[in-house]
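Visitor: pasted the sequence and its predicted model underneath.
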Amino acid sequence: MTTARKTQIGLGITAVVLSVLLFIAPNTPSAKKMAEKQKLESKEVLVQDLQSQLQQAVNALEIKEKTHYDDLLATTKSTQSDSSFVEIIAFWDNLKRPDFAAYFVEQTANITQKAEDFHKAGNRYYYAIRFIKDENEIPILYQSAVRCYQKAIEKDSTDFDAKIQLAACYVEGGKDPMQGITLLKELEKLDSNNVKLQMSFAFFSVQSQQWEKAIKRFEKVLAIDSLYIEAYLHLADAYEQQGNTIKTIEMLEVYASKTDDVMARNEIKKYIEQLKKQTIK
């Protein structure tokens, strides 16, 4: 992993292979109903799997922790208010289990039925993925994030960010990559100057190693928002992947001149010197 990639600030997207299996299902009412039924059953299984993992984690707690957790859960069940899960969410956050914290953020949304709360739950599931070691749980988290983003959009069709995140889940989750790309393209027609949207396109180009497309997207991000300096790091990485050392150095130097992070600036400068030495050789 390059130094440029190491210094990215929480913006990486997990690698995905964009492949699509196309098939034509019989266009009959019975076939549609069956598909809907399977979809619902799939969601129920995913939720149940997460609940099962949660229960296993609870059973593995030390006695003192489990007693505290049980007390929190009992209080939550007795109040059933939108703030009743706050302490349980904090409990799992402290134990570095963002997946379970996300589950209870969703429970909060189920009580409030607010679009912003479902959006928050979707974000919690989505960002929990990078911290999960059990690969078997990752599909569950993607589907949980999709469920929450869909509910957020149902309640607020103007939630542009939720639609971008939903598309990201489709692509990264692997089941409906082209559905995600199609959604992003539709969103681009509505707001081509949305930085988050352009970054999503850029990351997907990176994952498919389409470096020229990625570079154009990162450049567009900077054209939209010149203060989004992390884009220079991504540009440096893309140029490095192409073997263009001169442009890699150029992008890193621009980033180093603009960042307020002293540690990052020093690390970048060290790496620039290494690249320059390699160029001289």
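Guide: Yes, it's here.

Visitor: can you show me the strands along this structure?
Guide: Applying DSSP state E to the chain gives no strands.

Visitor: quick one: contacts for the residue nearest the centre of it?
Guide: Taking Cα atoms, centre = their mean, the centroid of the chain lies closest to Y126, which sits 4.3 Å from it. By Cβ atoms under 8 Å, 6 or more residues apart in numbering, the residues touching Y126 are L141, Y142, A145, Q165, A168, C169. C-beta here means a position set from N, CA and C on the backbone, and glycine is covered the same way.

Visitor: would a markdown table of those residues with neighbour count and pLDDT be doable?
Guide: Formatted as a markdown table, those follow (neighbours: other Cβ atoms under 10 Å; pLDDT from 0 to 100):
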| residue | neighbour count | pLDDT |
| --- | --- | --- |
| L141 | 26 | 94 |
| Y142 | 22 | 93 |
| A145 | 27 | 96 |
| Q165 | 25 | 95 |
| A168 | 24 | 92 |
| C169 | 27 | 92 |
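
Visitor: look up how far T79 lies from Y69.
Guide: To T79, Y69 is 16 Å away according to Cβ to Cβ, to the nearest Å.

Visitor: nope, H119 is what I meant
Guide: H119 is 24 Å from T79, by Cβ to Cβ.

Visitor: between the two, who's got more neighbours?
Guide: Using other Cβ atoms under 10 Å as the criterion, H119 and T79 rank with H119 on top: 22 against 11.

Visitor: I'd say that one and Q150 touch.
Guide: No. Judged on Cβ atoms under 8 Å, H119 makes no contact with Q150 at a distance of 10.7 Å.

Visitor: what sits up against stretch 191-203?
Guide: For stretch 191-203, contacts defined as Cβ under 8 Å, 6+ apart pick out 11-13, 160-161, 164, 167-168, 184, 187-188, 213-214, 217-218, 220-221, 224-225, 228, 231, 234.

Visitor: show the average pLDDT along it.
Guide: Mean per-residue pLDDT for stretch 191-203: 94.

Visitor: circling back to that earlier point, out of the contacts of stretch 191-203, which are buried?
Guide: For these, a burial check counting by 16 or more other Cβ atoms under 10 Å picks out 13, 160, 164, 167-168, 184, 187, 213-214, 217-218, 220-221, 231, 234.

Visitor: if you count neighbours, what's buried in stretch 107-119?
Guide: Neighbour counts using 16+ other Cβ under 10 Å place Q107, T108, A109, K114, A115, D117, F118, H119 of stretch 107-119 among the buried residues.

Visitor: err, stretch 228-239, not the other one
Guide: Residues I229, E230, A231, Y232, L233, H234, L235, A236, D237, A238, Y239 are the ones in stretch 228-239 that count as buried (16+ other Cβ under 10 Å).
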